[in-house]
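# okay, structure incoming, though there's no sequence with it:
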């Protein structure tokens with residue numbers, strides 16, 4: 001027996017399918033809704049609302065399909081929760097795949113999908129009318145109720161997806177599904193669908209339909225055109241928002257010399273506000289045309305025939321959770337990923353990342369961990385604070401060491417990657433741009449917003465000028481705040497920033513700090529989890545292997561494998577011994593799978609390893625070049641979670657923490673040492689050259705004031721160092737550094753002049 005509709009539901013009840021009058025719903029003013037007349041032979045409530053220009057013909061194919069749809073929806077709409085959803089939103093989302101598989105649909109309308117593709121407007125209105133009729137035809141209630149809204153059928157999972165490059169004039173009027181990244185969002189404005197016109201002579205009111213929002217006038221009344229009444233009771237409006245969709249171009253689809261294609265989409269009704277800049281979405285709708293900006297065009301006959309395609313959206317849904325709308329992970333891919341876990345997936349991922357670049361094993365390992373990312377802590381219910389899960393990596397080094405190729409390889413294998421060059425990027429291009437389009441204010445997403453839930457690779461990071469300040473908020477809070485032209489908003493930028501930079505002067509000076517070599521601020525550098533320093537030092541054995549590798553690559557012999565050296569580091573030796581490699585597409589799917597399915601936590605062993613190493617860093621911190629703060633501890637935690645994700649473990653072990661500590665030590669080995677005899681992290685006995693230089697210059701200045709001389713012998717300098725308790729590993733290296741920096745000038749044999757002395 002059929003379950004009847006709950007009489008307590010908030011909706012106007014109808015006596016049955018033969019009701020002759022229905023009051024349409026006007027959102028916001030239901031009491032002012034006009035009476036809607038229907039033909040005596042029409043049994044469907046709301047026919048004139050959905051088909052105002054079509055007469056009711058009982059023998060037409062449209063009516064036959066409508067009868068079948070009503071029978072199907074009478075059984076489908078038994079769930080009482082759907083009624084509240086329809087009442088609040090004014091729409092009903094229909095899963096097209098399951099609906100088409102309904103036996104009665106397959107038997108009665110076997111070409112349903114084809115009809116929807118070719119005549120989408122009629123099919124969508126038929127579905128909407130069937131739903132509205134079923135809701136209005138339920139058993140009436142004696143209690144007073146509100147008007148039932150005009151229902152719009154939203155169709156999800158329509159396939160196949162049409163690439164933006166195939167969106168041409170032959171698809172005009174067809175139903176399509178497009179996918180891409182939202183790069184522009186406009187304000188929400190009212191769109192008039194029914195405009196009231198009043199005759200000045202007979203005062204007759206007419207509700208004229210404005211199709212597709214184009215202004216037209218009704219037929220003359222009493223020999224003259226009626227006057228529009230914008231605020232009349234018959235005038236109806238809906239919300240309208242325009243968004244611009246940009247295609248996601250994979251490496252295989254990349255066309256030389258062509259910018260990514262875009263298409264404008266119009267969202268109406270409950271779809272407005274459903275997407276933000278930088279979000280990957282799938283939009284299903286009808287392809288329509290409009291004149292491309294009448295106010296900016298001349299009135300020539302050619303311009304009057306120029307139209308632009310746009311998509312009138314019917315449904316908006318999020319693309320795949322992995323971030324790449326074109327990435328589909330099948331069951332066979334998952335089986336292959338699980339089989340790889342039984343081997344050594346970390347080594348396979350490192351070997352697969354830009355195999356044309358020779359060496360730099362631990363640098364590639366750090367980039368792989370940044371690609372995978374740590375556990376998502378955006379919704380931390382304990383502290384209530386946002387904790388970023390993405391790791392930032394900076395690669396600094398001499399030219400010609402493959403830094404740019406590494407970044408391009410990372411952006412290609414990332415599920416969602418954006419590659420930009422710093423010398424051509426601006427702060428607005430990296431973050432958010434607020435522009436005026438006529439009277440509209442629109443937001444255009446930058447590189448960091450477009451790379452949300454992915455990685456943003458910035459090459460030539462040192463040549464960005466004063467644009468670095470725009471990255472501070474995005475790197476720590478993972479959001480972009482904007483306050484311009486009276487608009488204050490915040491957009492998500494949950495991205496891992498991977499940057500490459502060349503030092504000032506062309507070559508890295510190991511006697512200077514990283515900040516001095518790059519001319520970057522300390523707050524910016526402290527936000528990077530890993531800072532790799534690549535130096536081009538002559539090495540006969542390594543140069544031989546490098547030349548063999550380059551020659552083999554140019555000869556097309558990709559199978560040649562060269563073992564550069566035997567490392568004394570356990571992790572590096574283990575990575576070098578692994579020979580497995582993955583295809584770029586499988587590597588991208590592997591990273592997307594572990595990012596979406598695994599949220600690891602730290603074990604007690606991992607916590608103890610990280611705690612011990614952090615305390616060791618704090619104890620050995622000399623407070624000169626790179627201070628050790630709690631940010632380093634958070635970086636260790638994120639990287640340890642990433643290491644567990646790579647192995648598909650839900651709990652990070654002590655071995656994962658040890659691997660991360662080894663990568664961290666490799667970074668700090670050069671960043672914390674001066675390269676000319678200074679102490680490394682954790683020594684605690686001898687100090688670095690930078691700190692020793694400051695203390696020695698200060699002590700020599702005091703001694704110069706007392707003795708009224710600026711000349712010092714080597715013996716006197718050593719005596720001053722002894723009294724000031726300045727200890728270094730190499731005295732000659734310290735003197736060489738001070739002489740090169742211009743503090744002490746050599747005036748004779750073992751005689752130096754202090755240039756900062758007041759006795760010159």
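Okay, I see it. Treat the numbers as computed from the prediction; the structure is a model and nothing was measured.

# could you use CA atoms for every contact and neighbour count after this?
Noted.

# list the contacts of residue 757.
701, 704, 705, 710 (CA atoms under 8 Å, 6 or more residues apart in numbering).

# PyMOL command to pick out the buried ones of those?
A single PyMOL command selects the buried members of these (16 or more other CA atoms under 10 Å):
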select buried, resi 701+704+710
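
# quick check: of the contacts of residue 757, which lies closest to residue 744?
Among these, residue 710 lies closest to residue 744 (CA to CA), at 9.7 Å.

# quickly note the distance from that closest one to residue 736.
Residue 710 sits at a distance of 18 Å from residue 736 (criterion: CA to CA, to the nearest Å).

# my guess is residue 499 contacts residue 391, does it?
No: assessed by CA atoms under 8 Å, residue 499 is found out of contact with residue 391, at 11.6 Å.

# looking at those two now, which is surrounded by more residues?
residue 391 (30 against 26; other CA atoms under 10 Å).

# find me the pLDDT at residue 32, would you?
Confidence at residue 32, expressed as pLDDT, is 35.

# wait, residue 626
Per-residue confidence (pLDDT) for residue 626: 58.

# kindly report the same for residue 63.
Value listed for residue 63 in the pLDDT field: 89.

# how about residue 102?
88.

# what's it sitting at in phi/psi?
When read as degrees, to the nearest 10, the backbone of residue 102 gives phi -60, psi 130.

# now swap in residue 192 and tell me
Dihedral angles of residue 192 (phi, psi; degrees, to the nearest 10) stand at phi -80, psi 120.

# could you find the closest non-adjacent residue to it?
Spatial nearest neighbour of residue 192, chain neighbours left out: residue 237 (4.3 Å); criterion: CA to CA, 6 or more residues apart in numbering.

# and residue 73, by the same measure?
Nearest to residue 73 is residue 131, by CA to CA, 6+ apart, at 6.5 Å.

# surely that neighbour is in contact with residue 71?
No: with contact defined as CA under 8 Å, residue 131 does not reach residue 71; the gap is 10.1 Å.

# more neighbours, those two?
Taking other CA under 10 Å, residue 131 and residue 71 do not tie; residue 131 has more neighbours (25 against 13).

# give me the element that one is part of.
In the assignment (DSSP states H and E), residue 131 maps to helix 120-136.

# just the contacts of residue 757: which are in helices?
Among those, the ones falling in helices (DSSP state H) are 701, 704, 705.

# which SS class is the nearest residue to the first one once chain neighbours are set aside?
Right, the one you point to is residue 701. Spatial nearest neighbour of residue 701, excluding adjacent residues (CA to CA, 6+ apart): residue 757 at 5.7 Å. Secondary structure state of residue 757, per DSSP: H, G, I helix; E, B strand; the rest coil, is coil.

# same question, residue 69
helix.

# state the distance from it to residue 372.
Distance, residue 69 to residue 372, using CA to CA: 47 Å.

# the two: who's more crowded?
residue 372 (30 against 22).

# OK, contacts around that one?
Going by CA under 8 Å, 6+ apart, residue 372 touches 591, 594, 595, 642, 645, 646.

# name the SS class of the closest residue in space to the last one that isn't next to it in sequence, please.
This means residue 646. Closest residue to residue 646 apart from its sequence neighbours, by CA to CA, 6+ apart: residue 346 at 6.1 Å. Counting by three-state DSSP, the backbone at residue 346 sits in helix.

# next up, the contacts around residue 346.
The neighbours of residue 346, taking CA under 8 Å, 6+ apart as the test, are 365, 575, 646, 647.

# just give me the closest of those to residue 484.
residue 365 (40.8 Å).

# let's see the pLDDT reported for that closest one.
With respect to pLDDT, residue 365 scores 89.

# quick one: it is in a strand?
No: Residue 365: not assigned to a strand; according to three-state DSSP it is helix.

# residues in contact with the residue nearest the centre of the chain?
The residue lying closest to the centre of the chain (CA atoms, centre = their mean) is residue 452, at 1.8 Å. By CA under 8 Å, 6+ apart, the contact list for residue 452 reads 278, 279, 416, 492, 493, 494, 495.

# narrow these to those that are buried.
Buried among the contacts of residue 452 by 16+ other CA under 10 Å: 278, 279, 416, 492, 493, 494, 495.

# could these be laid out in TSV, adding secondary structure, distance to residue 174 and pLDDT?
Shown next, in TSV, are those (DSSP: H, G, I helix; E, B strand; the rest coil; distance: CA to CA, whole Å; pLDDT from 0 to 100):
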residue	secondary structure	distance to residue 174	pLDDT
278	coil	27	78
279	coil	25	82
416	coil	30	84
492	strand	34	83
493	coil	35	85
494	coil	36	86
495	strand	37	89
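
# and which of these is nearest to residue 50?
residue 279 (33.0 Å).

# any stretches of the stretch 601-750 of the chain with poor pLDDT?
620-627, 669-690 (pLDDT under 70).

# once you drop chain neighbours, what's closest to residue 455?
The shortest distance from residue 455 to any non-neighbouring residue, by CA to CA, 6+ apart, is to residue 496 (4.5 Å).

# tell me the secondary structure at that neighbour.
strand.

# now do the contacts for it.
Counting by CA under 8 Å, 6+ apart, residue 496 touches 370, 371, 373, 390, 391, 392, 454, 455, 456, 475.

# could you rerun that using 6 Å?
390, 391, 392, 455 (CA atoms under 6 Å, 6 or more residues apart in numbering).

# adding distance to residue 49 and pLDDT, write these out as JSON lines.
Putting the contacts of residue 496 into JSON lines (distance: CA to CA, whole Å; pLDDT from 0 to 100) gives the following:
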{"residue": "390", "distance to residue 49": "51", "pLDDT": "88"}
{"residue": "391", "distance to residue 49": "55", "pLDDT": "89"}
{"residue": "392", "distance to residue 49": "56", "pLDDT": "91"}
{"residue": "455", "distance to residue 49": "49", "pLDDT": "89"}
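
# in strands, which of those residues appear?
The strands, defined by DSSP state E, take in residue 455 from the contacts of residue 496.

# and the contacts of residue 496 as JSON lines, adding distance to residue 505?
Compiled in JSON lines, the contacts of residue 496 are given as follows (distance: CA to CA, whole Å):
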{"residue": "390", "distance to residue 505": "31"}
{"residue": "391", "distance to residue 505": "28"}
{"residue": "392", "distance to residue 505": "25"}
{"residue": "455", "distance to residue 505": "29"}
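
# so which of the contacts of residue 496 comes closest to residue 527?
Looking across those and measuring by CA to CA, the closest to residue 527 is residue 392, at 7.3 Å.

# help me confirm that that closest one comes into contact with residue 528.
Yes: using CA atoms under 6 Å, residue 392 makes contact with residue 528 at a distance of 4.8 Å.

# these two: who's more crowded?
With neighbours defined as other CA under 10 Å, residue 392 and residue 528 compare such that residue 392 has more, 27 against 21.

# and that one, what does it touch?
Contacts of residue 392 by CA under 6 Å, 6+ apart are 496, 497, 498, 528, 529.

# do you know the pLDDT at the closest residue to residue 118 other than its chain neighbours?
Once flanking residues are discounted, residue 118 sits nearest to residue 174: 5.2 Å by CA to CA, 6+ apart. In this model, residue 174 is scored at 93, pLDDT.

# count of residues packed around residue 174?
Using other CA under 10 Å, residue 174 has 18 neighbouring residues.

# repeat that for residue 353.
Residue 353: 25 surrounding residues under other CA under 10 Å.

# repeat for residue 224
11.

# repeat that for the one 10 residues further on.
Residue 234 is flanked by 19 other residues according to other CA under 10 Å.

# what's the answer for residue 715, then?
Other residues near residue 715 come to 11 when the count uses other CA under 10 Å.

# re the thing from before, wasn't the residue nearest to the centre of the chain part of a strand?
No: counting by three-state DSSP, residue 452 falls outside a strand, being coil.

# separation between it and residue 619?
Residue 452 is 37 Å from residue 619, by CA to CA.

# kindly report the same for residue 708.
For residue 708, the distance to residue 619 - CA to CA - is 39 Å.

# kindly report the same for residue 436.
For residue 436 relative to residue 619 (CA to CA), the value is 55 Å.
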